[in-house]
Structures are given as C-alpha cells and as structure tokens.
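Novice: Based on what follows, work out the 3D shape:
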Amino acid sequence: MNIKVIFLAFATFATGTAENIIVGILPDVASGLGVSIALAGQLTAVFSISFALAAPAALWLTARAERKTVFLAALVLFIASNLLAAASPGYACLFAARVGMAAASATICLVGTTLATAMAGEEMRGRAIGIIFMGISGSLVLGVPMGMAIDAWFGWRSVFVALALLAAIVLVISMAAVPVSGRSGQGSPGYLRHLRVRALVGAQLVSILMIGGHFVVFAYLAPYAADAAGIPKPWIIPAFIAFGVAGVSGGYLGGWLSDGMSPRFAILFVPFAYLSALATIPLAAGLPWLAFMLMMIWCCISWMISPVVQSFLMATSPETAQAGVSLNFSAMHLGVGLGTAVGGLTMKNASLLALPLSGAILASLAVVSSVVAVRSAKAARFAFP
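Specialist: Here you go, the predicted model:
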C-alpha cells in the first residue's frame, strides 16, 4: 500500500474527530456558551446535515480545479473553522464554524478518497478506501477520548485549537507528499446519470439502511450495554474503546473483502452478516461477556459497509464513480440521522430492549437492497473485476 494513502487517513481522522467531539464535551460547551444541553447538542446535527449537503458540491469543485489544490484548500478552511470555533464569543458563531468544518470535512473525505484510490491503483482500490475509513472510525477510538482529555485539562476551546494544529500538520505533509492529479475530468458531476441506474441506487440504499440500522442501537449503546446487556458501568468506557478498535478493523476488512472476493460478493455478504450479528445481540441479554463479544463482531461488520459500497459503485459504473462516492458520503450521514431518529422513537414508544429489533428491520431492508443492486447490475451486464 502506498504510504501516502496513510497521510490522507490522518486528514479523515481529524475530520471524524471534529464531527463527533461535541458529544464528548457537550456539558462544557453548553455551560461555556450559556445555552441548554439540548441546544448545544444541535451542533452535532448541523455538522451532519451540512456534510450531507456539501458532499455533492465538493465533486463539482473537482471538475473545475485540480484535486490536490481542492484538498489543500479544504484543509485551510478546516483549520480556519476550528480556530473560529475556539474563539467563538457565542452560540451563533460556533454554529457557523461547525458549518464551515462540515463543508471542509465533506471535501476532504471525498477528494481524499479519490486521491487514495488513484495512488493505490485498481488492484488495491478497496483497501485504499478501507484505510481512509480507518481514519474516520479511528477518530471514535482515539480522537474523541483525546478531545475529552484535552477539554478536562485545558477547556473545550482548546479542543478546536488541537484539531486545527493536527490539520495544519496534515496540510504541510500533504503539500509535499500528495501528487498533483489533475481535475476529475467530468464536465458535470453526473448525479442524474448515476441516479437513473437501479443497481447504483440500490447500493446507495444499502448504505442508508445498514448505517441506519446500526445507529438505531449505536446512538443509544451506552444505556443498552449497561441496562440490557449487563456490562458493568465501570467497564462501559473500555468497552467503547474495544468497539472502536473493532470498527477500525472493519474498515480495512471491508476493503480487503472487496479486493479479494469482488465488490459484488462483498455487497451481498456484508449486510447479511451484519443482520445476523445484530439479531444475536438480544440473545445475550444479561450475559455481559457474551454480549461484549457479539457487540465486537457487530461493530466490526458495521464499518465494513462503506468501503464495500464505494468499491461496488466504482466497479459497476466507472464513468459516474466520483458522483457515486460523493452521494455515498451524503447517504452515510442520512443513515446516521435515520437510525438515530428510529432509535429515539423506539425508546419512546417501546423499550430499550426493542432497539436491536428496530435496527434489524432496517438491516433486513439493506439485505433486500443489496440483492436488488447485484441482480440489476447483472441484468444490465455491468462488468465486475
């Protein structure tokens, strides 16, 4: 694997930390700005929404400017947005800074993925995507706990200064290490062409539904792990770190599976394996060690899906590959919102124990969508590597 791809993963590590860090420092941000916890929590929601909207626009930029230049400009915007967040005098300013972070993050993730696949070559494309997603999933394992520690030592504003410094290091390295790669080569992003193909739409639905099914449980995993699975509360934080490590491994395994067994096989296998893992979790209620092991497998498989779907999109329709990857980043964030909402409704109208069932319903629909995607691709005689 090209070592330069790993440098790109550090950029997605920084952006992933920026997206999720508010969850870890929420009480201090709320008290520091003099707003309620609920209002401060919307700083995470606005990031996800802004990211989903910005990802398609990022592809438009790469059609008009050289990709390395766009990547470096996005890093500059990310640095500036974090410094603005650190200096925010009030909620509105931090809100605007979060929008800037999200727009920069969407561009970094999209362009970083296309640069990584170009540097890795077709034979290792899936693994290159997997490494990029290891940066994103790794932010949950290391970035968020480190941010919480920095907040405890120096205050919440210092967290954003630290993110700006990390991004500045990535910027300097990228200026020297990332090769000039030209424009995307597309006069227009090709979104409409992409969305007219049933196989590609089916694959995008796999992302939305499987990630949605995951976040039905994951968004409320702390209370579920403690109250339903029976994991002792002092072990919840170490358990979350272990789940994060499993997720990082899953990002790479998804890319490896796509390269080794073909994207068509991988997009069928992963949603089915995920549904099977999710369905076993309620069976371990009250059995902490068994529940912990099953959740490790569940978290690992959940992070396999993004490199799998993106590899499928690239292999199925190379001419709309960049539009597909861009839309897939939006689809992922729509899945997060869908799953969180469904989980909340399940908690309100049923119970904590019903979360895996609600998630399994969405995961079942993801399995159906994967079958539709592959069968439609075969019917249209798309070529697969």
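
Novice: Toward the C-terminus, what is the element adjacent to the worst-scoring helix or strand of the chain on mean pLDDT?
Specialist: Here the helix or strand of the chain ranked lowest by mean pLDDT, DSSP states H and E is helix 125-138, holding a mean of 73. Downstream of helix 125-138, the next assigned helix or strand under DSSP states H and E is helix 144-154.

Novice: who does that next one touch, helix- and strand-wise?
Specialist: For helix 144-154, the elements it packs on are helix 3-33, helix 156-177, judged by 3 or more CB pairs under 8 Å, 6 or more residues apart in numbering; DSSP states H and E. The way it works is simple: take the backbone N, C-alpha and C, and place the C-beta from them, glycine included.

Novice: Would you pull up how far it lies from the middle of the chain?
Specialist: The chain centroid and the centroid of helix 144-154 are separated by 22 Å under CA atoms, centre = their mean, to the nearest Å.

Novice: coming back round to it: could you name the helices and strands sitting against the least confident helix or strand of the chain?
Specialist: In terms of contacts (3+ CB pairs under 8 Å, 6+ apart), helix 125-138 is packed against helix 3-33, helix 91-120, helix 236-261, helix 305-316.

Novice: Quick one: closest of those to Trp60.
Specialist: helix 91-120 (10.5 Å; CB to CB).

Novice: Which of the residues in that closest one are classified as buried?
Specialist: For helix 91-120, a neighbour-count test (16 or more other CB atoms under 10 Å) marks 91, 94-95, 97-120 as buried.

Novice: again with stretch 271-288
Specialist: 271-275, 277-282, 284, 288.

Novice: Check stretch 308-322 too.
Specialist: 308-317, 320-322.

Novice: so where's the stretch 101-250 of the chain uncertain?
Specialist: The model of the stretch 101-250 of the chain has pLDDT under 70 over residues 120-123, 125, 140-141, 180-189.

Novice: Work out for me the element Asn82 sits within.
Specialist: With DSSP H and E as criterion, Asn82 is part of helix 67-86.

Novice: nope, Ala273 is what I meant
Specialist: Ala273 belongs to helix 263-280, assigned by DSSP H and E.

Novice: mind exporting that helix as CSV, just the C-alpha atoms?
Specialist: What follows is helix 263-280, C-alpha atoms only, in CSV (Å, rounded to 0.1, in the frame of the first residue of the first chain):
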residue,chain,number,x,y,z
PRO,A,263,-17.4,-5.9,-4.8
ARG,A,264,-20.4,-7.9,-6.0
PHE,A,265,-19.9,-10.7,-3.5
ALA,A,266,-18.9,-8.2,-0.7
ILE,A,267,-22.1,-6.1,-1.0
LEU,A,268,-24.2,-9.2,-0.7
PHE,A,269,-22.2,-10.7,2.2
VAL,A,270,-21.7,-7.8,4.5
PRO,A,271,-25.4,-6.7,5.0
PHE,A,272,-26.4,-10.3,5.6
ALA,A,273,-23.5,-10.9,8.0
TYR,A,274,-24.4,-7.6,9.8
LEU,A,275,-28.1,-8.6,10.1
SER,A,276,-27.1,-12.0,11.6
ALA,A,277,-24.7,-10.3,14.1
LEU,A,278,-27.4,-7.8,15.1
ALA,A,279,-30.0,-10.5,15.6
THR,A,280,-27.8,-12.4,18.0
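
Novice: For it, give the mean pLDDT please.
Specialist: Throughout helix 263-280, pLDDT has a mean value of 94.

Novice: Got the phi and psi for the residue nearest to Leu110 when sequence neighbours are not counted?
Specialist: Using CB to CB, 6 or more residues apart in numbering and skipping residues adjacent in sequence, the residue nearest Leu110 is Ala58, 4.6 Å away. The phi/psi pair for Ala58 (degrees, to the nearest 10) reads phi -60, psi -40.

Novice: got a list of what Ala58 touches?
Specialist: Neighbour list for Ala58: Val70, Ala74, Ala106, Thr107, Leu110, Val111, Ser326 [criterion: CB atoms under 8 Å, 6 or more residues apart in numbering].
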